[in-house]
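Asker: just need the structure, nothing else, for what follows:
(chains A and B)
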Amino acid sequence: MTSIAVSVPRSSGARPASLKRSRRWALITSYVFLVIFAIFFLMPPYYMIVTSLKSDAEVAHMATNPWIIANGITLDQFKLLFTQTDFLIFFKNTAIVTVAVVVITMVVSVLAAFSLGRMRFWGSSILATGIFLTYLVPDTLLFIPLFQIVKAIGLLNSYWGMVLVYPTLTVPFCTWIMIGYFQSIPKELDEAALIDGAGHMQMLLKIFIPVALPGIIAATIFAFTVSWAAFVYPMAFLYSADQQVLTVGTVTSLIRADVYKWGMLMAGALVAAAPPLVIYAFLMDYYIAGLTSGATKG
Amino acid sequence: MCLPLIAIIFSLVIYPAFYSIYLSMLNKAQTRFVGLGNFSFLLSRDVFWMVVWQSAIFALSAVFFKAVIGLITAHLINNLPAKGQRKWRGMLLVPWVIPLALSSLGWWWLFDPTHSAFNWILKGLGFNEIAWLSDPYWARFSVILVNVWYGAPFFLIMYLAALKSVPEQLYEAAAIDGANAWQKFIHITLPMMRNIIAITVLFSLIVTFANFDIVQIMTAGGPRNMTHVFATYSFLLGIRSGDLPLGAATSLFMFPILAIAAIFILRGVRKRGRDIA
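Answerer: Below you'll find the model as predicted:
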C-alpha cells in the first residue's frame, strides 16, 4: 500500500520520458526488422541487375564475389539481347497484346459496371456475384479447354489468341472495382443530369468517368499488369518465336543455347519487367486504393 | 450494356468449364467416350497422389508464411512516422510488381547448381553447398520460398489498408485502460481485421493452389516429379504429352477445393457489404 502511494508522484513525473524512450526503441526495432525484410524482398532483383551488368567471363568463372561487379560494368549483355535475339519481337508482341486487352477490358467493364452499379434490373445482383466468382476461376483451370477452343477458331500460335483469352483474367476484377467506384457516386448527381436532359451515355461520359477517374486508373493498371505478366496461356498456346510474348519468350527461347547466357537472360528479364515497374512507381497509390477497395468493399 | 461482359464470361469461362468436364471423359485421341476412366486412372497412380500432397503442402505452407510476414511487415510500417511509410511500402512491394515468370527466372539463377550465389555465401561461412533444385526436398523448399517472397507483399498492402481503417479512438480508449501493445493487438486489431484477414487468406489460397509459373520455370515438376502441383502436372499431361482429356481431368481435381474457398470468400465479402450498408 505504502509503496504504491510513494511511487505515484514519482512515476507521474517520469512517465513522459520513459514513454518517449520506449517509443524510440519501438521505432528502432521497426527499422531493424524492416531492413531485414527489405533485404529478403530486394535481393533477387538486386542480383538480377548485378548479373546483367557483368561480362560473360565474370559470370561464368565465379572467381570473384558474385554479389558485386568486380571486373567493371558492361552493357554488352543488353547489346547482345537487342541485336542477337528475338527479344524485340517478343516486346512488340506483348505491347500489342497488352494495349488491345486493356482497351477491350476497359470498354467492356466500364459499360457493365455502369449498368450494374446504377440501374437495377432483373438479375443484376446475381450477375454482380457471378462476376466476382469468375474472377476467382484461375487460368490453370481453363487453359486446357481453351486450348481446344482457340485451336477451333484457328488462333493457336497467334498472339491474337491472347487478345481473345486474356480478358477472362482482367474483365471480372475490373468490372468489380468499377462497380464499387460508380456506386460511391451520389445519386443526386445523376438526378441533376437527368433534369438537364442528359441521356445515359452522356451521363456516363460526362459524369461517371470523370468522377470515378481514380477507379478507372486503378482498373487500367490492373489490366495492364495482368496482361503483361500472363504466362500460362502463352506457354500453352504459342510456340513459334515470331508470335511469342515477353514472359514465355524470355524464359524459354532465350535459353535454347547449350550454355546458359545468364547475363543476357537477366538483362532480358529486367527489360521485360521494366514497364510494370515504371507504371507502378508513378501510380502506386491509385492501384493500391483500387485493389484494397475492390477486395474490402461489398 | 452488360452484353459484352456476359458474352465474354459465357463463351470463355462458363462454356470452357463445362466443356472441360466433357473433355475429361474422352480417350486420348478424343474419339471415344470413357466415362470416369481418366479420373480412376489418375487416382490409381502414385505420381498423382504425390501431386495432391505437394499441392496441399505448397499452398498451405506458402499461404501461412505469406500471411505471417504480411502481418508483421504491415505492423512495422504502420509504426513508422507517416512520412516514411510510403517509401518503405513501395520498396517492399517490388516482388509483387515484377512479373512472376521473370522473377522466377532470377530465383532460378540464384539457385543455379554450379553458380548459386547462395552457395557462395554458404561456402564462405564454412557450410556445405546445397543442391537447391536437384534435391527433391530442397526443391520443394525453394519453390515455396519463392512463392512466399512473391505473395507476402499482397498481404502487406491488404493488412496495411485494414490497419488504417481501425478507428484511432479504440486504441486511445485501450491505452487509458492500461492495455499494452500485445493486448491492443489481440483485443482490437485482430477482431477488427478478422474479416479482411479471412478474405485475403482464402483468396491467396486459391491463387497459390493454382500457381503455375514458379514450379514450371524452376523445376518443371522435377526432380522425380516431387515438386509438381496440379497446374504443372496437367500442363505436362495435357499440352506436353498431348493427352488433353487426361490434363483436363487433372485440373478438374482442383475445382472442389477452389469452390469451397470461393464460397467462404463470397460469404465474407457479402457480410462486409451488409456491414457497410
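Asker: contacts, neighbours, all on C-alpha from now
Answerer: Fine.
Asker: which helix or strand lies directly C-terminal to whichever strand or helix holds A:Ser125?
Answerer: Element membership for A:Ser125, per DSSP states H and E: helix A:124-135. Toward the C-terminus, helix A:124-135 is succeeded by helix A:139-153 as the next helix or strand (DSSP H and E).
Asker: mind listing what's buried in that following helix?
Answerer: With burial defined by 16 or more other C-alpha atoms under 10 Å in any protein chain shown, the residues of helix A:139-153 counted as buried are A:Asp139, A:Thr140, A:Leu141, A:Leu142, A:Phe143, A:Ile144, A:Pro145, A:Leu146, A:Phe147, A:Gln148, A:Ile149, A:Val150.
Asker: could you export these as JSON lines, including distance to chain B and pLDDT?
Answerer: Conversion of the buried residues of helix A:139-153 to JSON lines gives the following (distance: C-alpha to the nearest C-alpha, whole Å; pLDDT from 0 to 100):
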{"residue": "A:Asp139", "distance to chain B": "8", "pLDDT": "90"}
{"residue": "A:Thr140", "distance to chain B": "6", "pLDDT": "90"}
{"residue": "A:Leu141", "distance to chain B": "6", "pLDDT": "89"}
{"residue": "A:Leu142", "distance to chain B": "7", "pLDDT": "91"}
{"residue": "A:Phe143", "distance to chain B": "9", "pLDDT": "92"}
{"residue": "A:Ile144", "distance to chain B": "6", "pLDDT": "92"}
{"residue": "A:Pro145", "distance to chain B": "5", "pLDDT": "92"}
{"residue": "A:Leu146", "distance to chain B": "6", "pLDDT": "93"}
{"residue": "A:Phe147", "distance to chain B": "9", "pLDDT": "93"}
{"residue": "A:Gln148", "distance to chain B": "9", "pLDDT": "91"}
{"residue": "A:Ile149", "distance to chain B": "8", "pLDDT": "92"}
{"residue": "A:Val150", "distance to chain B": "10", "pLDDT": "93"}
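Asker: residue nearest the centroid of the chain?
Answerer: Picked chain A for this. With distances taken as C-alpha atoms, centre = their mean, the residue of chain A nearest its centroid is A:Thr225 (3.8 Å).
Asker: oops, I was thinking of chain B
Answerer: B:Thr208 (1.9 Å).
Asker: that residue: what's it in contact with?
Answerer: Under the criterion of C-alpha atoms under 8 Å, 6 or more residues apart in numbering or on different chains, the neighbours of B:Thr208 are B:Phe58, B:Ala59, B:Ala62, B:Val63, B:Asn147.
Asker: so which of the residues you listed are in strands?
Answerer: Among these, no residue falls in strands (DSSP state E).
Asker: neighbour-wise, which of those residues leads?
Answerer: Each of those was scored for neighbours by other C-alpha atoms under 10 Å in any protein chain shown, and B:Val63 scores highest at 28 neighbours.
Asker: hmm, B:Val201 and that one touching each other?
Answerer: Yes - shown here, B:Val63 and B:Val201 form a contact pair, counting by C-alpha atoms under 8 Å, at 6.8 Å.
Asker: about what we covered before: buried ones in the strand or helix carrying the residue nearest to the centre of chain A?
Answerer: When elements are assigned from DSSP H and E, A:Thr225 belongs to helix A:213-229. Across helix A:213-229, burial judged by 16+ other C-alpha under 10 Å covers A:214-229.
Asker: what helices or strands is it leaning on?
Answerer: Contact here means 3 or more C-alpha pairs under 8 Å, 6 or more residues apart in numbering or on different chains; DSSP states H and E; on that basis helix A:213-229 packs against helix A:87-118, helix A:167-183, helix A:262-296.
Asker: tell me which of those helices sits most buried.
Answerer: Mean neighbour count (mean count of other C-alpha atoms under 10 Å in any protein chain shown) peaks for helix A:167-183 among these, with a mean of 25.
Asker: where does the stretch 1-150 of chain A have low pLDDT?
Answerer: Scanning the stretch 1-150 of chain A for pLDDT under 70 picks out A:1-19.
Asker: for it, what lies in contact range of chain B?
Answerer: Contacts of the stretch 1-150 of chain A with chain B, taken as C-alpha under 8 Å from any C-alpha of the partner chain, map to A:26-27, A:30-31, A:33-34, A:37-38, A:40-42, A:44-45, A:47-48, A:60, A:62, A:65-67, A:108-109, A:111-113, A:115-116, A:133-134, A:136-142, A:144-146, A:149.
Asker: what about the closest residue to B:Leu160 other than its chain neighbours, how many neighbours?
Answerer: Excluding its sequence neighbours, the residue lying closest to B:Leu160 (C-alpha to C-alpha, 6 or more residues apart in numbering or on different chains) is B:Ala74, at 5.1 Å. By other C-alpha under 10 Å, 24 other residues sit near B:Ala74.
Asker: same question for B:Ile14.
Answerer: Going by other C-alpha under 10 Å, the residues that sit close to B:Ile14 add up to 15.
Asker: just B:Thr189 next, same as before
Answerer: B:Thr189 is flanked by 18 other residues according to other C-alpha under 10 Å.
Asker: just confirm it is within a helix.
Answerer: Yes - assessed by DSSP: H, G, I helix; E, B strand; the rest coil, B:Thr189 belongs to a helix.
Asker: quick check: closest non-adjacent residue to A:Val165.
Answerer: Take A:Val165 and drop its neighbours on the chain: the residue closest to it by C-alpha to C-alpha, 6+ apart is B:Leu12, 7.0 Å away.
Asker: so A:Val32 is in which element?
Answerer: A:Val32 is part of helix A:2-52, with elements assigned from DSSP H and E.
Asker: continuing past that helix, what's the next helix or strand?
Answerer: Defined by DSSP H and E, the subsequent element after helix A:2-52 is helix A:56-61.
Asker: who are the packing partners of the lengthiest helix in chain B?
Answerer: Longest helix of chain B, by residue count under DSSP state H: helix B:46-79. Helices and strands touching helix B:46-79, by 3+ C-alpha pairs under 8 Å, 6+ apart, are helix A:2-52, helix B:82-92, helix B:136-164, helix B:190-209, helix B:230-235.
Asker: on that earlier part again, tell me the pLDDT at the residue nearest to A:Val165?
Answerer: If you check B:Leu12, the pLDDT there is 90.
Asker: next one: it from A:Val150, what distance?
Answerer: As for B:Leu12, its distance to A:Val150 is 10 Å (criterion: C-alpha to C-alpha, to the nearest Å).
Asker: could you do B:Asn79 as well?
Answerer: From B:Asn79 across to A:Val150, the span is 51 Å (C-alpha to C-alpha).
Asker: about what we covered before: so what's the residue nearest to A:Val165 up against?
Answerer: Residues near B:Leu12 by C-alpha under 8 Å, 6+ apart: A:Leu146, A:Val165, A:Thr168.
Asker: next one: B:Ala59
Answerer: Counting by C-alpha under 8 Å, 6+ apart, B:Ala59 has contacts B:Leu205, B:Thr208, B:Phe209.
Asker: nearest to A:Asp86, of those?
Answerer: Set against A:Asp86, the nearest of the contacts of B:Ala59 by C-alpha to C-alpha is B:Thr208 (31.5 Å).
Asker: sorry, back to before: could you export the helices and strands packed on helix A:213-229 to a markdown table, including columns for distance to B:Trp96?
Answerer: Output for the helices and strands packed on helix A:213-229, formatted as a markdown table (distance: least, C-alpha to C-alpha, whole Å):
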| stretch | distance to B:Trp96 |
| --- | --- |
| helix A:87-118 | 19 |
| helix A:167-183 | 17 |
| helix A:262-296 | 10 |
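Asker: does A:Trp67 count as helix, strand or coil?
Answerer: Following three-state DSSP, we place A:Trp67 in the coil state.
Asker: ok, now which ones touch it?
Answerer: Applying C-alpha under 8 Å, 6+ apart to A:Trp67 gives the contacts A:Tyr47, A:Val50, B:Ala117.
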